[in-house]
Each structure stands twice: as structure tokens, then as C-alpha cells.
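Q: fold the following.
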Amino acid sequence: VETKKKALRRLDVAIRRSIRHSIRLPHDTPNAYIYAPTADGGLGMMELVETVPILRAARMRQARQALFGTEEEEVLTTREHRRKRRAQRWHQTADGRQMKQAREVKESTAWIRSDDGQVPQWRTMAAIKTQCNGIPTRTRMRRGRNGAVTCRLGCEERETANHIVQVCPSMRRARCRRHNSVCGLFSGYALRKGWRTMVETRIAIGQRIIMPDIVLVRDG
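A: Model (predicted):
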């Protein structure tokens, strides 16, 4: 049995190495990310050393019940329990902490499970690296080591993924382009569904003038 476990561990190591290489994961990305369910912000891969013995035991139990009609005790670890355990391992890491609520917003992880092949590979790989917090920011690369962690673009703030994407003044134009792209995406979708759209339209309300990103109107 121990020899079989060692063989399964070797297979797990080989599979993880292949995954890291194929999608360019940072070498220090936690193994828990690879095995966490996709709905919980992971890649949803099977860990052989943990899963194979459980599957084998279940198969043997079913065979004994079919042959001898014996009723055996319920398995202590259910599939749901194992799912929660894998998710917890990922969410307890520094990189996975922000994914604790992923299951509550199914759309945030649907792209992993329903890849239609139309999205360029480089974009999918970039999305995976963003999801697992693998962007090579200074705060990430300096973990456990000394060195500057302030933004390389001249800010006095810590260089984190959130700072780069949402805060850094030097990235303002990129943020505006991203914002406009998202608005265009939603506007186009609404038009195809029969809505009239108004993008960044000035609306006077009393003494105030507001300019919402998108206004959707459906006749009738």
C-alpha cells in the first residue's frame, strides 16, 4: 500500500510540474490552487494520492454489497466534505485568501469551466495568473526577504496587484480603456437583446448633472 502511495505521489508531482509549465504558473504558487474546486477559485485538478484510495475503497464496498448483500458503514468523508477541505486549504494561503467568496458569485469562475476556445491562450493564461495572485509584484516577490516593496512607477504605495489594477495614477489610462471596453461589452449585449442604450449621457436632475456609464431603455 505504501509503495502504491509513493507511486501516486510521484504521478502527482509530475502532473503539477506539467501544469505549471504549460500555463506558466509561478513556481511558488501553492499546490492547493491546483487542487481546489473551480467554483472555489482553483483549477479543480484531481490529487491522485488522496482520491484514488477513496475511489478504490468505494468500488470494493459496492462489490461486496453486490456479491454478499452486506450493509457497511457509511463513508466518513463525503464528496462535499472533501470539496470543502480542498477549498479551505487554498483559502488559507496568502494567495487564495481573496477567493473565499468565489462560490457565491458563480460567474467569477465560470470562464475556467466553460472555455469555448475563442479566447486567445495568452489571455486565459494571464487570467489564471491573476486569479491565483501570481502577478510578479514587488510585495509578492519580496515575501520573506528584504527589499523595496513600493511601486516601481514612482508611487509611495506598496506594489500589490490591487494597487496596479485599481489605484496607481500611472495606470489611469489603462483603467479607462478597460472601463470603456466593459461598458462597450455590456452595451453591445443589451442591443442584441433589444434594449436601447445610452452611454455616458449627461442627465440633469435639478441643479445636478449626472453621467451614468450606461442607461438601458426598453420600449413598451
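Q: tally of neighbours for R24?
A: 12 (other CB atoms under 10 Å). The way it works is simple: take the backbone N, C-alpha and C, and place the C-beta from them, glycine included.
Q: per-residue pLDDT, the residue lying farthest from the centre of the chain?
A: No residue in the chain sits farther from the centre than F68, which is 45.5 Å out by CA atoms, centre = their mean. At F68, the model reports a pLDDT of 78.
Q: repeat that for the one 3 residues further on.
A: With respect to pLDDT, E71 scores 64.
Q: what of E74?
A: For E74, pLDDT reads 55.
Q: break this protein down into its domains, please.
A: Following automatic domain parsing, one gets these domains for the chain: 1-105, 168-220.
Q: how far out from the middle of the chain is the helix or strand bottoming out on mean pLDDT in the chain?
A: When the helices and strands of the chain are scored by mean pLDDT, DSSP states H and E, helix 48-68 comes last with a mean of 82. Centroid separation for helix 48-68 versus its chain: 32 Å, with CA atoms, centre = their mean, to the nearest Å.
Q: repeat for stretch 202-217
A: Once both centres are worked out by CA atoms, centre = their mean, stretch 202-217 turns out to sit 35 Å from its chain's centre.
Q: check stretch 183-198 too.
A: 27 Å.
Q: what comes up buried for stretch 87-106?
A: By 16 or more other CB atoms under 10 Å, the buried positions in stretch 87-106 come out as A87, R89, W90, H91, T93, D95, G96, M99, A102, R103.
Q: make CSV from the residues you listed and add secondary structure to it.
A: Shown next, in CSV, are the buried residues of stretch 87-106 (DSSP: H, G, I helix; E, B strand; the rest coil):
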residue, secondary structure
A87, helix
R89, helix
W90, helix
H91, helix
T93, coil
D95, coil
G96, coil
M99, helix
A102, helix
R103, helix
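Q: going by mean pLDDT, which of the domains of the chain comes out lowest?
A: domain 1-105 (a mean of 87).
Q: can I get the domains of the chain in a markdown table including distance to K129?
A: Listed next are the domains of the chain as a markdown table, based on distance: least, CB to CB, whole Å:
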| stretch | distance to K129 |
| --- | --- |
| domain 1-105 | 7 |
| domain 168-220 | 17 |
